[in-house]
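>>> Structure for the following, please:
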Amino acid sequence: MLQSNYSPRTTASTLDKDILSELQAVKRRIWWPIGIILGQATLLSLAWGFFYAVRTQGQIPLDPTTQYLVHLHPQCKTYLVTFVAT
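Numbering: from 1, shown residues only. Next up is the predicted model:
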């Protein structure tokens with residue numbers, strides 16, 4: 001015979017409170033995956049936007065100061081490009 005978690009003396013208000021607390025727990029758990037999906041979609045759209053900008057412009061020139069810094073510190077350039085790409 002199947003046993004229930006609720007005794008026969010359990011009132012309707014107790015059942016409602018249990019159901020309500022479980023629904024609230026589900027709502028809290030669902031926000032993490034939604035946030036992750038929205039964050040990933042945002043990053044993907046930024047990447048495609050950057051690709052589109054480079055594709056339409058042909059190239060995006062750096063200002064002279066940034067060019068000089070990139071020329072002096074190529075390892076920093078590699079680090080930044082790799083960091084942004086990941």
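
>>> Can you tell me which residue sits nearest the middle of the protein?
residue 39 (2.5 Å; CA atoms, centre = their mean).

>>> Report the mean confidence score over the host helix or strand of it.
For residue 39, the element it lies in under DSSP states H and E is helix 12-57. Regarding helix 12-57, the rounded mean pLDDT is 84.

>>> Same check on stretch 64-84?
89.

>>> Contacts for it, please.
residue 62 (CB atoms under 8 Å, 6 or more residues apart in numbering). (C-beta placed from N, C-alpha, C; glycine too.)

>>> Now that stretch - C-alpha only, CSV.
Extracted C-alpha coordinates of stretch 64-84, given in CSV (Å, rounded to 0.1, in the frame of the first residue of the first chain):
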residue,chain,number,x,y,z
PRO,A,64,48.1,56.0,-32.9
THR,A,65,48.6,55.7,-29.1
THR,A,66,47.1,52.2,-29.0
GLN,A,67,49.1,51.2,-32.1
TYR,A,68,52.3,52.3,-30.4
LEU,A,69,51.5,50.4,-27.2
VAL,A,70,50.5,47.2,-29.1
HIS,A,71,53.8,47.4,-31.0
LEU,A,72,55.8,47.8,-27.8
HIS,A,73,54.0,45.0,-25.9
PRO,A,74,52.9,42.2,-28.2
GLN,A,75,52.5,39.8,-25.4
CYS,A,76,49.9,42.0,-23.8
LYS,A,77,48.1,42.2,-27.1
THR,A,78,48.0,38.4,-27.3
TYR,A,79,46.8,38.1,-23.7
LEU,A,80,43.9,40.7,-24.3
VAL,A,81,42.8,39.1,-27.6
THR,A,82,42.8,35.6,-26.0
PHE,A,83,41.0,36.9,-22.9
VAL,A,84,38.3,38.6,-25.0
